[in-house]
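Visitor: here is my input; please provide its structure:
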Amino acid sequence: MGGNRSWVTEFVLLGFQLSAQTELLLFWVFSLLYTCSLLANSMIVALICLDHRLHTPMYFFLSHLAIIDMSFASNNVPKMLANLVTQNRTISFVPCIIQTFLCFAFAHTECLILLAMSYDRYVAICHPLQYTVIMSWTVCKVLATTSWSFGFLLALMHGILLLRLPFCGSREVNHFFCEILSVLKLACADTSLNKVVIFTVGVFVLVGPLCLMLVSYIHIFWAILKIQSGEGRRKAFSTCSSHLCVVGLFFGIGMLLYMVPDSSQREEKEKILALFYCLFNPMLNPLIYSLRNAQVKDALYRVLQVRSS
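Guide: The predicted structure is shown next:
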């Protein structure tokens with residue numbers, strides 16, 4: 001099997017297959033979005049590290065989310081940007097497999113971190129008097145460590161199953177990065193086991209957490225309705241509804257990509273949906289979860305004030 005795999009030593013990422021002028025325009029737009037997402041997420045991590053007032057469970061998980069978003073984008077976007085301005089769109093076999101592995105690792109970890117964040121909000125709003133006991137630092141560290149560990153272990157399973165396949169035919173990947181379903185189409189062997197595992201893992205990290213989050217948000221909304229202050233209810237609803245929209249988009253697109261039967265007509269649409277994970281989600285998360293938050297704004301003001309003085 002190792003000999004068969006050596007028949008293909010590199011793949012060609014077809015990307016968007018647009019005109020040179022359009023791809024150049026996309027290069028500048030995507031570069032701007034990528035830079036903004038890196039700046040926003042790195043600023044959030046820095047603020048959480050520098051300001052002791054943000055050393056709480058909520059911001060602890062937000063810092064992990066920011067690191068995941070930066071890592072996920074940096075795994076896929078630089079190669080995509082390079083391919084938009086060059087004719088050499090090849091990627092070697094090993095870097096392609098590593099890119100696929102990291103893509104899954106960060107995506108799975110983000111799903112589980114979002115679940116931990118929803119649990120944190122559920123405890124904070126529905127059991128405020130017990131919050132410090134339930135969400136102790138030990139519990140937070142265990143939840144974060146479990147999320148990262150499961151994310152990478154599940155991704156490793158995908159990587160091992162992908163490595164066992166021989167690639168001996170076409171080497172053109174119809175995507176802008178080594179997306180696993182696009183790579184599987186080039187295998188010269190039965191890939192049904194890979195697809196079953198992808199679907200099963202999707203149920204575990206997408207459907208399961210989403211159901212748990214919906215249950216927690218139902219309890220949260222019910223608790224919000226009991227708040228006496230109209231202004232307090234409005235603020236709580238605004239924050240939770242924004243969070244729920246981001247969660248719905250993230251999990252919904254993931255289920256569309258990996259849990260809906262494949263067809264040749266979906267390939268171009270899947271590339272657009274994948275852009276959400278690579279570019280738009282890393283920008284949305286800091287905007288929704290952090291930069292609209294008064295505590296983060298105050299922390300930024302304090303840091304700027306210290307710098308200027």
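
Visitor: now Phe11: phi and psi?
Guide: Backbone torsions of Phe11, given as degrees, to the nearest 10, read phi -110, psi 160.

Visitor: run through the stretch 101-250 of the chain and note the low-pLDDT ranges.
Guide: 228, 231-232, 235-236, 238-239 (pLDDT under 70).

Visitor: can you give me the strands in it?
Guide: Ranges of strands in the stretch 101-250 of the chain, per DSSP state E, counting those that start in this stretch, are 172-173.

Visitor: so which residues of it form helices?
Guide: Along the stretch 101-250 of the chain, the stretches classed as helices by DSSP state H, counting those that start in this stretch are 131-134, 137-163, 180-184, 192-202, 208-225, 230-258.

Visitor: of all those helices, which one is nearest Thr22?
Guide: Minimum separation from Thr22 across the helices of the stretch 101-250 of the chain (C-beta to C-beta) falls at helix 180-184, 21.2 Å. For the C-beta atoms, the positions are set from N, CA and C on the backbone; glycine is no exception.

Visitor: find out how far that closest one is from the centre of the chain, if you would.
Guide: 19 Å (C-alpha atoms, centre = their mean, to the nearest Å).

Visitor: go on, stretch 14-25?
Guide: 25 Å.

Visitor: with mean neighbour count added, can I get the helices of the stretch 101-250 of the chain in TSV?
Guide: Formatted as TSV, the helices of the stretch 101-250 of the chain follow (neighbours: other C-beta atoms under 10 Å):
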stretch	mean neighbour count
helix 131-134	13
helix 137-163	16
helix 180-184	21
helix 192-202	15
helix 208-225	16
helix 230-258	16
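
Visitor: ok, Lys141 - contacts?
Guide: Contact partners of Lys141, counting by C-beta atoms under 8 Å, 6 or more residues apart in numbering, are absent.

Visitor: meant to ask about Pro282
Guide: By C-beta under 8 Å, 6+ apart, Pro282 lies in contact with Ser37, Leu38, Asn41, Asp69, Met70, Phe72, Ala73.

Visitor: same deal with Val12?
Guide: Arg89, Thr90, Ile91, Arg171, Glu172, Val173.

Visitor: I'd say the first one and Asn83 touch.
Guide: Yes - at 4.6 Å, Arg89 counts as touching Asn83 under the criterion of C-beta atoms under 8 Å.

Visitor: residue contacts, the residue nearest the centre of the chain?
Guide: By C-alpha atoms, centre = their mean, the chain has its centre lying nearest to Ala107, at 4.4 Å. Ala107 makes contacts with Phe72, Gly151, Val205, Gly254, Tyr277, as judged by C-beta under 8 Å, 6+ apart.
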